[in-house]
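Chemist: Predicted model follows, preceded by the sequence.
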Amino acid sequence: MIYVVLFIAVLAVVIWYFEFRAFSIPVLYYHHVEPTDPVTPEVFEAQMKHLLSKGYNSLSLNELYNFMTGISSVPRKSFVLTFDDGFYCNYHYLFPILEKYKLKAAIFAVSGVRKQSIGAGQRERSRGYPSRTGANMESAERFATWDELNRMTAPGLVQIEDHGLFHDRVYRNDSARGFNSGVELDWPVWGDTRPGTVRYEAGSSLAHKNFTGDYKLNDYLVKLVKDRSLDLSESNALRILKKAYLEYRKQNPVKVIYESEETYVRRCRTDLEKSRQLISDRTGVVPAFLCFPWGQYNKQSLQLLKDIGYKGAITTDKGANVRGGDPYRIKRFKVYRSNLSWFKRYFFLHRSRILVTLYSLFYGWL
């Protein structure tokens, strides 16, 4: 009996320590908040009203950093709002809600894609947005301008932080994922994207060395497309390309060509330094945090951030944000559903250090 009592007592102390003394701060992340997405302005407002009604406090990234590094304390019932990319909807739909409820937020700007300003009414004439179909859906008009970002920072609620210069990708190995049709489907990728060439497995340009496919193979496939006048939107053309690719691989092993470690580090440093300087020039504030594009990072990119002078970094990793935690690996959970019950469950999960730590250990297994 005494052993049972001791076990319960020890368990109670462990729970007290992790849940109350070393509590976790949930960091929520979004992309769009607009009528055409699951998280509409009404859905987002309902989520925020729920948190505020339960007594939760909105923190800035700086306040989270001070908490994690032991500089200052924060209320146990706190949360942080983050928004990736800096789309126009953040200004048009999100910002009024932030102002209405005095909510703090960090917007991570892809610095190299936005304009200083866009003519009044230009976006409103098409319901506020250009078409979402066609090549490279994330056109410049999809992003908030520098003028609009600065208007959001004026009341002191929004921080503009860094999300890289172009958020681009590189081919990271010779794992074939299809063939290029001549239309880039999403964010730009480094490498040969001529019609017919192989679309290799890609990843963030800040987290992977660039892989260059065999030039002879690329030329062979491009010539095949031209000679046969292949329509790459048809499945038959893709079958022809795949067959030609496999035949070539049997006779000519693809040469694996990676950029050197020195070139990779220099390229990443240039990207980060240019992006940081651009945001500083446009907003008057030097960004202190980087949000890793696609949440991808490695030892080199972490060290670069420290060398350049960033205070911390934002990831998509699962886990707890606690006092003494690593500010260069701030954890987040993505809000992508409209269901308020789902939001309540996941928020509860991420405010519990024990539960979110267990979740992070088993995430992907279930």
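Modeler: All right, it came through fine.

Chemist: remind me, longest strand of the protein?
Modeler: For the chain, the strand with the greatest residue count under DSSP state E is strand 169-179.

Chemist: helices or strands next to that one in the packing?
Modeler: Helices and strands touching strand 169-179, by 3 or more C-beta pairs under 8 Å, 6 or more residues apart in numbering; DSSP states H and E, are strand 189-190, strand 198-204, strand 211-212, helix 235-251. Just so you know, the C-beta spots here come from the backbone N, C-alpha and C atoms, and that holds for glycine as well.

Chemist: all helices of the chain, in order?
Modeler: Under the criterion DSSP state H, helices of the chain are mapped to 2-16, 41-53, 61-68, 88-89, 95-101, 146-153, 215-228, 235-251, 261-283, 299-308, 340-351, 353-362.

Chemist: avg pLDDT for the first one?
Modeler: If you average the pLDDT over helix 2-16, you get 47.

Chemist: for the helices of the chain, which one sits closest to Pro327?
Modeler: helix 61-68 (5.2 Å; C-beta to C-beta).

Chemist: For that closest one, report the contacting residues that lie outside it.
Modeler: By C-beta atoms under 8 Å, 6 or more residues apart in numbering, the surrounding residues in contact with helix 61-68 are 25, 27, 59, 71-74, 80, 82, 104, 106, 159, 161, 288-289, 311-312, 314, 321-327, 330.

Chemist: Go again with 7 Å.
Modeler: For helix 61-68, contacts defined as C-beta atoms under 7 Å, 6 or more residues apart in numbering pick out 25, 72-74, 80, 106, 159, 161, 289, 311-312, 321, 323, 325, 327.

Chemist: Need the CA coordinates for that helix. CSV is fine.
Modeler: The C-alpha trace of helix 61-68 is given here as CSV (Å, rounded to 0.1, in the frame of the first residue of the first chain):
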residue,chain,number,x,y,z
LEU,A,61,7.2,36.8,-30.4
ASN,A,62,9.5,39.0,-28.4
GLU,A,63,7.6,38.2,-25.2
LEU,A,64,7.7,34.5,-26.0
TYR,A,65,11.5,34.8,-26.5
ASN,A,66,11.9,36.6,-23.2
PHE,A,67,9.9,33.9,-21.5
MET,A,68,11.8,31.0,-23.0
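
Chemist: buried sites along it?
Modeler: With burial defined by 16 or more other C-beta atoms under 10 Å, the residues of helix 61-68 counted as buried are Leu61, Asn62, Glu63, Leu64, Tyr65, Asn66, Phe67, Met68.
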